[in-house]
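Q: Pasting a predicted model and its sequence here:
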Amino acid sequence: MTVADSVSDAVLEVDDVSKFFGSIVALSEVSCTVGPGITALLGPNGAGKSTLLRIMCGLTPPSRGQVRILGQVPRRDLDVTRRIGLVPQQEALFDPLTALQFVELAGRLQKVHQPRAAAEAALHLVELDPGDSRPVRTYSKGMRQRVKVAQALVHSPQVVMLDEPLEGLDPRQRLRMIELFRRLADEGRTVLVSSHVLDEVEKLGSRVLVIAEGRLAATGDFHQIRELMDDRPHRLRLGADKPRALAAGLLDADAVVGAWVQGPETVIVDTVDVAAFRRAVAGIARQRGVRLHEVVALDDDLDSVFRYLVGRR
Amino acid sequence: MADIYRLILRTQLNRGRAAALVAIAAVGMLLAFAIRVTVASAERAEAAYSLVDGFGLGLLVPTTALVFASAALGDPAEDRTLVYLWLRPIPRWQITAASLAASLSIAVPFAIVPTAVMALLADGGIDLVGASLGAAAAASLAYCAIFLGFGLVVRRALVWGLTYLLIWEGFVARSGTTATRLSVLGYARTLFADLAGQSPPALASSTSVAVAAPFLIGAAAIALTTWLLRRIDVA
């Protein structure tokens, strides 16, 4: 399974890419394709996400393999940089400049027709005031993050790559930024977001590239990936007035493979067949005289999928 | 290219660097003034020549070039803002040329003009002032071009650059051996001597070589820096 629906949709093509730093293997034999829409690049710190993004942009060459963006090799074909917008991970900006000067400079270097107007529009997109006369060195981390996003969008690139773009943003800003990424994807752009903030990434969409220890652990829709994880029990939290009785009933009926009472009204269970469990749990509770008031799947989320895939390696 | 020139100029020139270079230039001018008031008029031209040769060309010009040119691309590479220049559809030679132009623009008020002012203050005569300007400008071009690429690839370029200036340019190249011909200072001193009508230093190259060398060194260094920019791993 690849993240692009087909190779013909692929905007980004990563073909058997490895990257070595001396004896350290940062990436090993990574192959994937990414098409229009939002794709999340997930992995723990040090997994190789930033290295992969840097290779995709052409900032560093792969030791082996090849990357193409829109059919071009980014490190060799300078023109393709017009169609790429990158939000790098580092905070540093050209500190003496104002946000408008910084973004306008990006527009000029990208040969945008009206760089001042484009810079103002880009700053409005990220909810920054183009008239702010303070240099960016006085900005908070969140504001600097938004300036970085604005400079990446000033030339309306077809491909937008963002390395941990939600870091430093407050919850409201994160939501607004996620909305912005979704709008970009709706416009047909290819948006690749690297992050380890899983709950926010989950809000972006379901297409993921999971990278761990320099290798591609999984690609595709994370819900489908979770369903394919048959070798691992699903975990649920049950709320009940008599958790011990409920746990005993579930174990006696072989509806679960494990049960742990946690607190006065909570029991955690593992089951290999969630559908069968859901059909059976209400009846078992009734038989044991237990009032069941909550059934919550704990590991049907991206975090769980991610930890599973990374832990499996 | 003008945008990059302005940007580099603005980011290179901070108060700390400016203050340090102004202080060095001020010392040179104080020495020049001391020559004017303490040295007999018959010996003043010779003393002024030695001051420009030793302090201006030997210290102020290379130090200024090192401080600013090594920072032109070195600072963005180190603080990881180079990505904002590199990931643009700009030929790499334009980034190099704009950075060199910015470094030279700073060298004019911080090194080239002060060197000439030293000659003037020391009462060296108008010919020495002209010779100081010419030699300082040629040396600045060569040093700035060299330190541009040096700053891009060498961490702590200031420390290593000072070591190079002290050991190679300041000591080995003054020894009057073949090493003189492998130093920017050697050519700058030859050019200065010729322009000032003084006898050339030991093992000096011909005047035509001394004139051409800074430009050739500059061109080679620009080509090398552009090549490095194309191949660099941008963080």
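A: Arrived safely, thanks for sending.
Q: what's downstream of whichever strand or helix holds A:Ala119, the next helix or strand?
A: A:Ala119 belongs to helix A:115-125 when assigned by DSSP states H and E. Of the helices and strands lying after helix A:115-125 in sequence (DSSP H and E), the nearest is helix A:141-153.
Q: Off-centre distance for that following helix?
A: Put simply, helix A:141-153 sits 18 Å off its chain's centre (CA atoms, centre = their mean, to the nearest Å).
Q: and it with helix A:115-125, angle?
A: 130 degrees (axes from the mean of the first three to the mean of the last three CA atoms, to 10 degrees).
Q: Any chance you could give me helix A:141-153 in PDB, C-alpha atoms only?
A: Extracted C-alpha coordinates of helix A:141-153, given in PDB (Å, rounded to 0.1, in the frame of the first residue of the first chain):
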ATOM      1  CA  LYS A 141       8.100  30.600  19.400                       C
ATOM      2  CA  GLY A 142       4.600  30.300  18.100                       C
ATOM      3  CA  MET A 143       4.800  33.500  16.100                       C
ATOM      4  CA  ARG A 144       8.100  32.400  14.600                       C
ATOM      5  CA  GLN A 145       6.500  29.200  13.700                       C
ATOM      6  CA  ARG A 146       3.800  31.000  11.900                       C
ATOM      7  CA  VAL A 147       6.300  33.200  10.100                       C
ATOM      8  CA  LYS A 148       8.000  30.100   8.800                       C
ATOM      9  CA  VAL A 149       4.700  28.800   7.500                       C
ATOM     10  CA  ALA A 150       4.000  32.100   5.800                       C
ATOM     11  CA  GLN A 151       7.400  32.100   4.000                       C
ATOM     12  CA  ALA A 152       6.700  28.600   2.800                       C
ATOM     13  CA  LEU A 153       3.300  29.600   1.300                       C
END
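Q: ok, and for it, which residues are buried?
A: A:Gly142, A:Met143, A:Arg144, A:Gln145, A:Arg146, A:Val147, A:Lys148, A:Val149, A:Ala150, A:Gln151, A:Ala152, A:Leu153 (16 or more other CB atoms under 10 Å in any protein chain shown). Glycine gets a C-beta too; all of them are placed from N, C-alpha and C.
Q: hmm, who's touching that helix?
A: Contact partners of helix A:141-153, identified using CB atoms under 8 Å, 6 or more residues apart in numbering or on different chains, comprise A:85-88, A:91, A:93, A:99, A:102-103, A:106, A:119, A:122-123, A:125-128, A:136, A:139, A:160, A:162, A:165-170, A:173, A:177, A:180, A:184, B:84.
Q: helices or strands next to the helix or strand just after that helix in the packing?
A: Per DSSP H and E, the first helix or strand lying C-terminal to helix A:141-153 is strand A:159-163. Strand A:159-163 sits against helix A:49-57, strand A:84-87, helix A:141-153, helix A:171-186, strand A:190-195, with contacts defined as 3 or more CB pairs under 8 Å, 6 or more residues apart in numbering or on different chains; DSSP states H and E.
Q: Give the rounded mean pLDDT of strand A:159-163.
A: Strand A:159-163 comes out with an average pLDDT of 93.
Q: strands paired with it, and their directions?
A: When pairing is defined by DSSP bridges, strand A:159-163 lines up against strand A:84-87 (parallel), strand A:190-195 (parallel).
Q: Not counting its neighbours along the chain, what's nearest B:Ala77?
A: Nearest residue to B:Ala77, sequence neighbours excluded (CB to CB, 6 or more residues apart in numbering or on different chains): B:Leu152, at 5.6 Å.
Q: pLDDT score for the residue lying closest to A:Leu169 once chain neighbours are set aside?
A: Distances taken as CB to CB, 6+ apart put A:Gly142 closest to A:Leu169, at 4.8 Å, once the chain neighbours are dropped. Per-residue pLDDT puts A:Gly142 at 89.
Q: For A:Ala248, see how far away A:Gly142 is.
A: The spacing between A:Gly142 and A:Ala248, counted by CB to CB, to the nearest Å, is 50 Å.
Q: What residues does chain A have near chain B?
A: Residues of chain A lying close to chain B by CB under 8 Å from any CB of the partner chain are A:54, A:57-61, A:78-79, A:81-82, A:84, A:86, A:88, A:90, A:92-97, A:105-106, A:108-111, A:151.
Q: circling back: nearest to B:Asp79 among the helices and strands packed on strand A:159-163 would be which one?
A: Of all the helices and strands packed on strand A:159-163, helix A:141-153 sits nearest to B:Asp79, with 12.9 Å by CB to CB.
Q: could the strands paired with strand A:159-163 go into TSV alongside distance to A:Val274 and mean pLDDT?
A: Putting those into TSV (distance: least, CB to CB, whole Å; pLDDT from 0 to 100) gives the following:
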stretch	distance to A:Val274	mean pLDDT
strand A:84-87	38	94
strand A:190-195	28	90
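Q: Which among the ones you listed is found nearest to B:Arg6?
A: Shortest distance between B:Arg6 and these, using CB to CB, is found for strand A:84-87: 22.6 Å.
Q: Can I get that closest one as PDB, trimmed to CA atoms?
A: Taking Å, rounded to 0.1, in the frame of the first residue of the first chain, the C-alpha atoms of strand A:84-87 are listed here in PDB:
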ATOM      1  CA  ILE A  84       8.200  23.600  -3.000                       C
ATOM      2  CA  GLY A  85       7.400  25.300   0.200                       C
ATOM      3  CA  LEU A  86       9.400  24.100   3.300                       C
ATOM      4  CA  VAL A  87       8.800  24.800   6.900                       C
END
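Q: next SSE after it?
A: Downstream of strand A:84-87, the first helix or strand assigned by DSSP H and E is helix A:99-109.
Q: any idea of the mean pLDDT for that next one?
A: Taken as a whole, helix A:99-109 has an average pLDDT of 95.
Q: And stretch A:288-300, by the same measure?
A: Per-residue scores along stretch A:288-300 average to 82.
Q: How far off centre is it?
A: A distance of 30 Å separates the centroid of the chain from that of stretch A:288-300, by CA atoms, centre = their mean.
Q: where's the residue nearest in space to the middle of chain A relative to A:Leu93, distance?
A: The centre of chain A sits closest to A:Ala40, judged by CA atoms, centre = their mean, with a distance of 3.2 Å. Using CB to CB, A:Ala40 is found at 25 Å from A:Leu93.
Q: Then B:Thr225?
A: 24 Å.
Q: same deal with B:Leu229?
A: Distance, B:Leu229 to A:Leu93, by CB to CB: 20 Å.
Q: what's the angle between whichever strand or helix holds B:Gln94 and helix A:99-109?
A: Under the criterion of DSSP H and E, B:Gln94 resides in helix B:92-107. Here the directions of helix B:92-107 and helix A:99-109 differ by 130 degrees (the same axes, to 10 degrees).
Q: Report whether the expected contact of B:Leu182 with B:Ala173 is present.
A: Yes - contact criterion CB atoms under 8 Å: B:Leu182 and B:Ala173 qualify, at 7.2 Å.
Q: Looking at these two, which is more packed in?
A: Legend: neighbour count by other CB atoms under 10 Å in any protein chain shown for B:Leu182 and B:Ala173, higher for B:Ala173 (24 against 12).
Q: Assign a three-state SS to that one, would you?
A: State at B:Ala173, reduced to three classes by DSSP: H, G, I helix; E, B strand; the rest coil: helix.
Q: try A:Val14
A: Going by three-state DSSP: A:Val14 is strand.
Q: most centrally placed residue in chain B?
A: Judging by CA atoms, centre = their mean, chain B has its centre closest to B:Ser140, at 3.1 Å.
Q: what's the following helix or strand after whichever strand or helix holds it?
A: Per DSSP H and E, B:Ser140 falls inside helix B:126-153. Once helix B:126-153 ends, the next helix or strand along the chain (criterion: DSSP H and E) is helix B:157-164.
Q: Buried residues in that next one, which are they?
A: Within helix B:157-164, the residues that count as buried by 16+ other CB under 10 Å are B:Ala157, B:Leu158, B:Gly161, B:Leu162, B:Tyr164.
Q: ok, how many other residues are close to A:Leu166?
A: 22.
Q: related to what we said a few turns ago, please dump the strands paired with strand A:159-163 into JSON lines; it should also carry distance to A:Val295 and mean neighbour count for every row.
A: Shown next, in JSON lines, are the strands paired with strand A:159-163 (distance: least, CB to CB, whole Å; neighbours: other CB atoms under 10 Å in any protein chain shown):
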{"stretch": "strand A:84-87", "distance to A:Val295": "40", "mean neighbour count": "25"}
{"stretch": "strand A:190-195", "distance to A:Val295": "30", "mean neighbour count": "25"}
